[in-house]
Every structure is written in structure tokens, then in C-alpha cells.
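Engineer: I need the structure of the sequence given here:
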Amino acid sequence: MTITNDIRYVGVNDHEIDLFEGQYIVPNGMAYNSYIIDDEKTAVMDSVDIRFSTEWLKNIESALNGRKPDFLIVQHMEPDHSASILEFTKAYPYAKIVSSAKAFAMMKNFFGTDFKERQIVVGEGDTLSLGKHTLTFVTAPMVHWPEVIVTYDSFDKVLFSADGFGKFGALDADEDWACEARRYYFGIVGKYGSQVQSLLKKAASLDIQKICPLHGPILSENLRYYIDLYDKWSSYTPEEEGIVIAYTSVYGNTKRAVLYLAEKLKELGAKKVVINDLARCDMAEAVEDAFRYNKLVLATTTYNADIFPFMREFIDHLTERNYQNRKVALIENGSWAPLAAKVMKEELSKCKNLEFAKNNVKILSALDENSRKEIDLLAQELVYGLTIEF
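Structural biologist: Numbers count the residues shown, from 1 in each chain. Got it, this is the predicted structure:
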């Protein structure tokens, strides 16, 4: 794949993988992106998962057509991007390795060597000339590992963005970018919003015409759309008006309450209502929904004087990723001593800037006249902002 006259794609598609990072369902696989800049000197940008090292090295050989790479630039040391470094050094013994000091320390951990005789250590603002292409390195610590750098090519105005602007899915997958990029972002990078904001501020001073991430497609049109989404995601700003209902139900009574609430919300004109059964849905999709929309309803049973395990897992995902700036409502169910609302609120106390609904719902085993009235009032509050009590 040709990206510019001098930049070519040499990455690989992985359709063998079922779980990325051992936890994220990837039905359309993954792309491990690598690029070559072919100038007076040649640079390879990042490597690939070890299972594809042979394919990657063949791609490099084909793209360079007999030339040898002068540099391997390592932006990120997570093994899906770094595991083939050792194979590269064997294939190209005279190539230098360009990376951050922290990355070289990690190479020692991964490979038993930090390639001391081949190192070029770079940091914030350092440059590397390949000829007409001058690469400027920008540190991006904790986006989403501490050693990360991104690279700007001032000649072609390309930002090599490491894991930034990445997504799930192989390059030959026909799927919506935002959906899988959002799930990727909040699953993997979401905790580090302030660090992403810092990187976006640095990038704002650059004339960027293309973004080349380590996962997902090269972005070359309407870049403002992608940058604005990243700005919203990393500042924890709701992307859309909508109400997400995340629930667990043991015998169906809490589910019936959730369905009743969803019906009332739609009757009142709610723009978007999304329901996630946390015991059955893709948890990463439910987390994505919670960050996408501006209101969240949590509905669960009291369970062993606590909350149902899938609800606890979901809330843990939210708090770990700095969930904030939303309105949250609580529905609890309990046959003799309802505690779920209290436990959920305590767990969410770790989050910033949450507004809790005034009209929460208590169900004693099954819906009755009182709990239906509470749901009616909650629906009005969520749609109209009403907080009338009865």
C-alpha cells in the first residue's frame, strides 16, 4: 500500500486472533501497522506481533526492492508492535534502532539486550534526517505506556501516532471506524485522558495531512472529525445525548423493571435508549456506551449483601477509566434488605463530576404500584429534568 511517494505500508492483518490483549473480542481481527519511509536513508516504523514476523520481513524486503533499512524506529514497546524487533536485528545487522530511553530499558526486559551498540536514543523535540524527510519525535508518556513516542514527518506532513487513533479490526474489515475506535480507546487508553489531552495540544501546532496509527486505517480525509472525537473522549465529554441502561437480573424481575423504564423513556421522547444486559453483552461494548452517552442507569440486585458480580465488574471498568461528567440513576432490587443502591453509589464515589438522579428506584422482589411510580418519575427526570416526589 502506497501512502505517499516515499511512505509505504508493510504491516499485516491478523485474522487468527479472537481476543486482543486477552480480553477484547475482535470478530474482524486486528491490524499491526508498520511503515517504511524510503529516502536517502530508509526507516521502518515499528514492528509487528511475533506470529507475523516472517510476513513482515518479506513485506519490508519487497518494499525496499533490494535496499537495506538504515533505521528501525520503535514508538511503543507493547508486544503487538515490538515482538519482532529481535528478528529484524538478525535480518538487518547494520540497522540502527531509534527509540526512547525507557523503551530501550524495556527491550532489555523483553529480549535480554538493549542493543547498546545500535541505539539512537531520542526524546522530546529530537530530529532524525533521512534526506528530504526530517522526523521529529514527540514524547507521549502513558498514551498508554510510559515509553511511547510519536513521530512527525514534516516533508509529507504525516503523524505516526503510535496507538493513538487506532481501532480494532483488520484493514480489510468493512466496519464503522468510530464504533471500533471508541471501544478500543475506552478499553485500552481511556484511563489516560489527561495524557491524551497533552498530546493533542502538542499535535495542534503541527500541519498534519495524514495520521498513520499502529492499528486501523490510515486517516487522510476529514481529520478534524477524528481529532474532535479524540478530544471529546480524552476530556470525558459525552459524545451524544442518550440514556444507557446497564443491568443484571437473576430471575427476570429487574429486567422487567428495565424494560418498563425503557418503554417510558421512549414514550416521553428520549432521543436514544441503549440497554445492556451485563451478564450477556460484550462488556467492552457496554463500557463504550457508558462513555458515549450522557446519562447512565444502573439496575441490579442486592447479592450477598453487595451487588451482582457483573455489575461490580462493570462499575470497576468505569472507575478504572475515570468515568465522569455524566448523570447516573440507580435501580436496586432486594427481597429483604436492599443494599445495591448504597453499594453502587459508594463505588461510584471514586468518579468525578457525577450528578445522581433524585428519583431512584427501589424494588422489593418484583415490580408493584409504588416501584412503577418511581420508574415513571425517574423517566421524567431523565428526559425532562423533573424531580417531583410522591
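Engineer: Under the pLDDT cut-off, which ranges of the stretch 51-200 of the chain? List them.
Structural biologist: Counting by pLDDT under 70, the stretch 51-200 of the chain contains no low-confidence segment.
Engineer: ranges for the helices of it?
Structural biologist: Taking DSSP state H, counting those that start in this stretch as the test, the helices found in the stretch 51-200 of the chain are 53-64, 79-82, 85-91, 101-111, 177-184, 193-203.
Engineer: which one of those lies closest to Leu348?
Structural biologist: The minimum distance between Leu348 and these falls on helix 193-203, with 17.4 Å, by CB to CB. Every C-beta, even on glycine, is put in place using the N, C-alpha and C of the backbone.
Engineer: what's the closest one in contact with?
Structural biologist: Helix 193-203 has contacts (CB atoms under 8 Å, 6 or more residues apart in numbering) with 138, 140-144, 150, 159, 164, 189, 227, 230-231, 233-236, 322.
Engineer: Please check the residues you listed and keep the buried ones.
Structural biologist: Buried subset of the contacts of helix 193-203 (neighbour count, 16 or more other CB atoms under 10 Å): 138, 140-144, 150, 159, 164, 189, 227, 230-231, 233-234, 236, 322.
Engineer: Filter those residues down to just the ones in strands.
Structural biologist: 138, 150, 159 (DSSP state E).
Engineer: Not counting its neighbours along the chain, what's nearest the first one?
Structural biologist: Right, Val138. Spatial nearest neighbour of Val138, chain neighbours left out: Val150 (5.0 Å); criterion: CB to CB, 6 or more residues apart in numbering.
Engineer: is it true that that neighbour touches Val158?
Structural biologist: No. Applying CB atoms under 8 Å as the test, Val150 and Val158 come out as separate, 10.8 Å apart.
Engineer: Please identify the buried residues of stretch 304-317?
Structural biologist: For stretch 304-317, the neighbour count (16+ other CB under 10 Å) marks 307-308, 310-312, 314-315, 317 as buried.
Engineer: Just name the closest of these to Asn109, please.
Structural biologist: Ranked by distance to Asn109 (CB to CB), the buried residues of stretch 304-317 are led by His317 at 28.0 Å.
Engineer: what's near enough to touch the closest one?
Structural biologist: 283, 287.
Engineer: what's the spacing between it and Gly131?
Structural biologist: Taking CB to CB, to the nearest Å as the measure, His317 falls 47 Å from Gly131.
Engineer: Same check on Gln119?
Structural biologist: From Gln119 across to Gly131, the span is 22 Å (CB to CB).
Engineer: quick one: which of those two has more around it?
Structural biologist: Gln119 (16 against 13; other CB atoms under 10 Å).
Engineer: How about the contacts made by the more buried one?
Structural biologist: Shown in contact with Gln119 (CB under 8 Å, 6+ apart): 96-97, 99, 104.
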